Structures are given as structure tokens and as C-alpha cells.
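>>> Generate coordinates for the sequence data below:
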Amino acid sequence: MKKFIKINERDNVAVALEDLSAGSIIDESGIQLKLSDDIIRGHKFAIEDIQQGENIIKYGFPIGHSEKSIIKGMHVHSHNVKTNLAGSVEYSFNQLLNELTSPRSSIIFNGYRRENGDIGIRNELWIIPTVGCVNGIAEKILDSFTKEVNVKHIDAVKVFKHNYGCSQLGDDHINTRTILGDMAKHPNAGGVLVLGLGCENNGMKDFIASLGQYNEKRTRFMIAQEVSDEIKEGVKLLKELYENMIKDTREKASINELKIGLKCGGSDGFSGITANPLLGAFSDYLISQGGTTVLTEVPEMFGAETLLMNRAINEEVFDKTVNLINDFKSYFIEHKQPVYENPSPGNKAGGITTLEEKSLGCVQKGGKAAVVDVLKYGEVLKKKGLNLLNAPGNDLVAATALGASGCHMVLFTTGRGTPFGSFVPTMKISTNTQLYKLKPHWIDFNAGILLENEAMSRVLEDFVNYLVKVANGEHVNNEKNDYREISIFKTGVTL
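Numbering: from 1, shown residues only. All right, here's what the predicted structure looks like:
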């Protein structure tokens, strides 16, 4: 097995595939040098002399510049590299579209066809509080229901607690109502009890009005202040929903109906080499079959945003992408926070040095397909193909937003490991085999084998087969562990 990898022929750094000791002789792939520093697995070292102020090149693009002269064989990281990003950027549309060549397939999965024609990959019964004040009531209702009913023939019964729904103004109030409304109409839910208190500003009347068309057969509403025994009444409504749901059966659907969210978190130096490129290959494959993927984490596009802008399907989508980037930068500036204060401590420990490096790895999840639309936070998918979604990098906020946009599941790459899950299945893909072996109860698929001479085409085939199993009902680890939460984006004041 190789000891290191040079990703692009233009790179002046390589990435260690194992821990390397100072004094080690590197002599492979046409590179000969002696390491002057210990290099941790996933970290970078110089493969040529780099002068002070010269760009550090990885993935074929600058990821920052050297703050001091770096000699061939030295460790390249935060101690001697600084980001190139600063201030605002003027963008121009230089369209560069790629042709997707994946052959048409006849892959099908078995899902739940809803009355409006949408397909779900789960048949779950949900309680959605309109306000955090009733979280405890929701839990009591769920507990009483499961004691009275021998739940079977459905996938899960869940309460999705949150802290919002009252004392919110402006965008925060709208965001809470919108995300909860998106959840109430999600096709993975075969039944939904919307539970309110009665005095919150996310009031039930306005909430119902905001839903527009919804499935009355599969949705119930209850205001706790308006019934004498809220637990008994809640259980009664859940029973009504459950009796309807147990009649549901899976039926065949084409893979082109799948909508898949793309997310990374706890990234490391291998994220842009293994797991993220795998998701990019999958995204291109699914889109070539007529399916849909969604890329988010806007702050982790900074430094690589032009790669997405130039793939806009037309100038209107280009302008929406520019606004997506600039609006998020303005959000940081308005709160007097540094725009480019990234990566996280865990990212740095894993070998990621600058935001450009993180972003160039992050956007690889979007593959090479054209960007067909840009969604506002809380907006639901309208176009098939690769979509961009306005949401932050925070794992749970972004994963919740992906589910709310209509994604059936979220694919989540990680090099450090994370156990969480959102309200839709949240599949974890490890960037390295060591993590997969350490946390088999967290990680669902190992992309680390791409470092072990496994061909991308073979790994992609195995990944697609596994994803279809999950769409058919096989649970991923966050479901098995019952780690399922939601988090709503908050930007303003609390009353």
C-alpha cells in the first residue's frame, strides 16, 4: 500500500496515508525526499520547496499561502499556512457544464406511495410540537400510546422535540413554522399529530393555513389548552392515524424518484479523497438516472464557490448562487463575526488547514452535474437534478434542512465520526477504514477502501446497492440506535 497520495499533478503537497516519522525516506510515484517532520495520517507535507507567500496547491487549486519558507519534506499545516480568503468577491458567469455518461439503469426500490403521488422510504408516525412548551406532553402521549398499542407493521413512532415556536420574531418565527410544516407533509411520515399549546405565536390556525394542501387523512391537530385530558386525547388521535397507516404497503418505484441530501461533518484529510468523491460519483449517477440530490453547508462552499457557479444551468441559477454565497457572507458580517473562521479544531486535527481546503473537499459531494436550482432555507424541491440549499454548516441544522426540502435520506460523510441522525435516515460514510472498524455502530459504509486500491466504479456499485436496501427499509445505524433529532436555524433575537 502507498504511504502517501498526490491528488493532482499540479499539487505541491501530498497527503500521508499512514503515520510517517521524521527522517523517513519517501521514494515512490516519482517523488524522492526525506521527511523533516513527523506526519500524522491525513496531514500534508511539501513535495517541493515552497517560498514564503507562495500558494499551497491541493486538489489542483490554491488552499492558502505559506507564511514562511517551507522546505521539501516539511509538515504543511496551520503553523505555516494561512488562508487566501478575505473580503468580498466579484463573480462573473463562466459556464462550464459537464456531460454525465452513466448508462440508464432499471434499478427500482419499494416505497410507500402517498395519495398526492409522492413516494416515501419509511412509514413512520410522528408527533410534531408547534412549540417547545409541549415537548413533555408529546413524550407522555407517545409513552402512553406505546403502552396501549402493540406497535407493528410501521417503521417508527417518534416525537421531534425542539425549543422554538414562541418568543420568536421575523425570520426565526417563519423558519420554525416552515420547517415544521415541511416535516408535517414529508412522505416518510404515514401519520402526523401536530401538537400545540394554544398561546404560542406559532399558533395552530396560522400553522394550518401555512401548510397549504395537506393530507387530511394522515394529519391530526390538537391544542393542549383546549382539551381536558391532553394525554388521553393525544393517544386517541395517534390510534386513528396508526389504524390508517398499518394498511400501507410498499410498492415498486424507480430510483429516479429518490431525493438525497449530501452532507459532511467531522471531516479529515481524507474527506476530499475518498468519501466526498464517492458521494459526488453517486450524485452524478443518480442524476443521470433522473433523480435528485441536494448540496448545502453554504459557509463550506467559500473558496470553492466558483466551481459551483460555473456549473449553473443558466444565468438565473448563477445569479441565485451568487446571492446564496453573498447573503451568507453578509450574515456573518452583520453579526460581526469572521467570515472565514473555519475549519473546526477536529478538522485541523484530522489534517484540514484552511477553509479553501475544506471547501474544495466539501463541494466534491456535488459531483460534476449542472446546478439546476438554488433553494431558500425551508424551501421544498421543485426541480430534478443537483440543487443547492441555503443552510449553515452545523450538522443537525443542515441535515434537518435537507430533510425539510424533501430529501428521503441524508448521506453524511465523516472522518472523525459522529452518531447523530435527523428526522430522515442519516447514513454515515467513513473516509477511512480505521474509523469504520472503531465505530461500526455509527458508520454504515466505509469509503476508506478507496485508499486500498479499490476502484471507484466497484465501490460506487456496492454503495448504490446498499442505498437501495436502505430505501427498501433496511435501517441505518442512527435508526437502530434511535438517535433522531431536529434543529431549526435561529438568526435573531428571542423575546
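>>> mind giving me the domain split of this protein?
Domain ranges of the chain: 4-82, 124-247, 253-480, per automatic domain parsing.
>>> Tell me which of those domains sits nearest to Asn110.
Across the domains of the chain, Asn110 has its closest neighbour in domain 253-480 (5.2 Å, C-beta to C-beta). C-betas here are computed from N, CA, C, even on glycine.
>>> Show me where the stretch 1-150 of the chain has its helices.
Here the stretch 1-150 of the chain has its helices, by DSSP state H, counting those that start in this stretch, at 135-148.
>>> Poorly predicted segments of it, please.
Scanning the stretch 1-150 of the chain for pLDDT under 70 picks out nothing.
>>> how about the domains of the chain in TSV, adding mean neighbour count?
Shown next, in TSV, are those (neighbours: other C-beta atoms under 10 Å):
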stretch	mean neighbour count
domain 4-82	17
domain 124-247	18
domain 253-480	21
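>>> Spell out which helix or strand contains Lys158, please.
Secondary-structure assignment from DSSP states H and E places Lys158 in strand 156-159.
>>> elements contacting the helix or strand just after that strand?
Once the chain leaves strand 156-159, the next helix or strand it forms, by DSSP H and E, is helix 170-184. Contacts defined by 3 or more C-beta pairs under 8 Å, 6 or more residues apart in numbering; DSSP states H and E place helix 170-184 against strand 124-129, strand 189-196, helix 204-211, helix 395-404.
>>> quick one: strands adjacent to the first one?
In this case it means strand 124-129. Here strand 124-129 has these sheet partners by DSSP bridges: strand 156-159 (parallel), strand 189-196 (parallel).
>>> Does the helix ranked longest in the chain pack against any helices or strands, and if so which?
In the chain, taking DSSP state H as the definition, the longest helix is helix 315-334. Helix 315-334 is packed against helix 305-309, strand 371-375, with contacts defined by 3+ C-beta pairs under 8 Å, 6+ apart.
>>> Could you export the ones you listed as TSV, including mean pLDDT and distance to Thr413?
As requested, those are exported to TSV (pLDDT from 0 to 100; distance: least, C-beta to C-beta, whole Å):
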stretch	mean pLDDT	distance to Thr413
helix 305-309	96	18
strand 371-375	98	20
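>>> of all those, which lies closest to Leu258?
Closest among the helices and strands packed on helix 315-334, using C-beta to C-beta: strand 371-375, at 15.7 Å.
>>> Same list (the domains of the chain) but as CSV, adding distance to Ser102.
Shown next, in CSV, are these (distance: least, C-beta to C-beta, whole Å):
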stretch, distance to Ser102
domain 4-82, 23
domain 124-247, 26
domain 253-480, 4
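>>> right, so of the ones you listed, which gets closest to Tyr91?
Smallest distance to Tyr91 across those (C-beta to C-beta): 5.1 Å, for domain 253-480.
>>> Quick check: end-to-end length of the closest one?
Taking C-alpha to C-alpha, to the nearest Å as the measure, domain 253-480 stretches 25 Å from start to finish.
>>> can you check stretch 291-301 too?
One end of stretch 291-301 to the other measures 23 Å (C-alpha to C-alpha).
>>> Also stretch 244-264?
Rule used - C-alpha to C-alpha; the end-to-end distance of stretch 244-264 is 37 Å.
>>> Kindly report the same for stretch 1-21.
Terminal-residue distance, stretch 1-21 (C-alpha to C-alpha): 17 Å.
>>> now swap in stretch 424-433 and tell me
25 Å.
>>> now do stretch 443-450
Counting by C-alpha to C-alpha, the terminal residues of stretch 443-450 are separated by 16 Å.
>>> What does the nearest residue to Leu402 once chain neighbours are set aside show for phi and psi?
Spatial nearest neighbour of Leu402, chain neighbours left out: Gly261 (3.1 Å); criterion: C-beta to C-beta, 6 or more residues apart in numbering. Dihedral pair for Gly261: phi -90, psi 140, per degrees, to the nearest 10.
>>> can you pull the contacts of Gly261?
Thr293, Val294, Thr296, Ala399, Leu402, Gly403, Ser405, Cys407, Met409, Val410, Leu411, Val424 (C-beta atoms under 8 Å, 6 or more residues apart in numbering).
>>> hang on, Arg220 packs against Gly196?
No. Here Arg220 lies out of contact with Gly196, judged by C-beta atoms under 8 Å, at a distance of 11.6 Å.
>>> residue ranges of the helices in the stretch 201-350 of the chain, please?
Going by DSSP H, counting those that start in this stretch, the stretch 201-350 of the chain shows helices at 204-211, 230-245, 275-288, 305-309, 315-334, 345-349.
>>> Export those helices to a markdown table and append columns for distance to Gly378.
As requested, those are arranged in a markdown table below (distance: least, C-beta to C-beta, whole Å):
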| stretch | distance to Gly378 |
| --- | --- |
| helix 204-211 | 11 |
| helix 230-245 | 25 |
| helix 275-288 | 22 |
| helix 305-309 | 21 |
| helix 315-334 | 14 |
| helix 345-349 | 28 |
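>>> Least confident of those, on average?
Sorting the helices of the stretch 201-350 of the chain by mean pLDDT places helix 345-349 lowest, at a mean of 91.
>>> following it, which helix or strand comes up?
Next in sequence after helix 345-349, counting helices and strands by DSSP H and E, comes helix 355-362.
>>> For that following helix, C-alpha coordinates in CSV please.
Extracted C-alpha coordinates of helix 355-362, given in CSV (Å, rounded to 0.1, in the frame of the first residue of the first chain):
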residue,chain,number,x,y,z
LEU,A,355,-11.4,26.9,4.7
GLU,A,356,-10.4,26.7,1.0
GLU,A,357,-9.1,23.1,1.6
LYS,A,358,-12.2,22.2,3.5
SER,A,359,-14.5,23.7,0.8
LEU,A,360,-12.7,22.1,-2.1
GLY,A,361,-13.2,18.7,-0.4
CYS,A,362,-16.8,19.6,0.6
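>>> Noted, bye for now.
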